[in-house]
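**Student:** structure, please.
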Amino acid sequence: MKYEELLDEAFKKITKKESGDRFSPPQPEIEIEGEKTLVKNFLKIAEYIKRDPKHFSKYLMKSLASSGEINNGVLVFFSKLKREQITNRIEAYIKSYVICKFCKEPDTKLEKKDRIYIIKCEACGATYGAEG
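**Tutor:** From the prediction side, this is the model:
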């Protein structure tokens, strides 16, 4: 058998995993009050993705160019923001800091070594520096 035939045979035997069903973070509950934008279920999202709320909120504030604070589990931005903006930035955070870039699973831990964030995947064992 030729190499290409063996390779084709091997690929036929590989089963693809469906990881999308298993990892489904809550959609942000967003409310605008005057000049403030609230993410009412912020701590619930942070808990689901297993990330430090301080790191998560700092990323969101920086990427959305807004100051803010966490108040009683609610992330308060001190500016009016659109739902799509917040949702897109949460998705970008998950892609950069939660989903393993090698096996695409969400089973990762975020650790800080000196001034660098390291992602360790518990599913495939990969270790790499976080993007962004």
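**Student:** buried residues in stretch 24-32, which are they?
**Tutor:** Judged by neighbour count using 16 or more other CB atoms under 10 Å, the buried positions of stretch 24-32 are 25, 28, 30. Placement of C-beta: from N, CA and C, glycine included.
**Student:** cool, stretch 98-108 as well?
**Tutor:** For stretch 98-108, the neighbour count (16+ other CB under 10 Å) marks 98-100, 103, 105-108 as buried.
**Student:** give me the most central residue, this structure.
**Tutor:** By CA atoms, centre = their mean, the chain has its centre lying nearest to Ile94, at 1.2 Å.
**Student:** was I right about Ile94 contacting Ile49?
**Tutor:** Yes - using CB atoms under 8 Å, Ile94 makes contact with Ile49 at a distance of 6.1 Å.
**Student:** which neighbours do those two have in common?
**Tutor:** 25, 106 (CB atoms under 8 Å, 6 or more residues apart in numbering).
**Student:** quick revisit: most widely separated two among the buried residues of stretch 98-108?
**Tutor:** Farthest-apart pair in those is Val98 and Cys103; separation 12.7 Å (CB to CB).
**Student:** in which helix or strand would I find the residue nearest to Pro53 when sequence neighbours are not counted?
**Tutor:** Among residues not flanking Pro53 along the chain, Ala46 sits closest, at 4.3 Å (CB to CB, 6 or more residues apart in numbering). According to DSSP states H and E, Ala46 maps onto helix 42-48.
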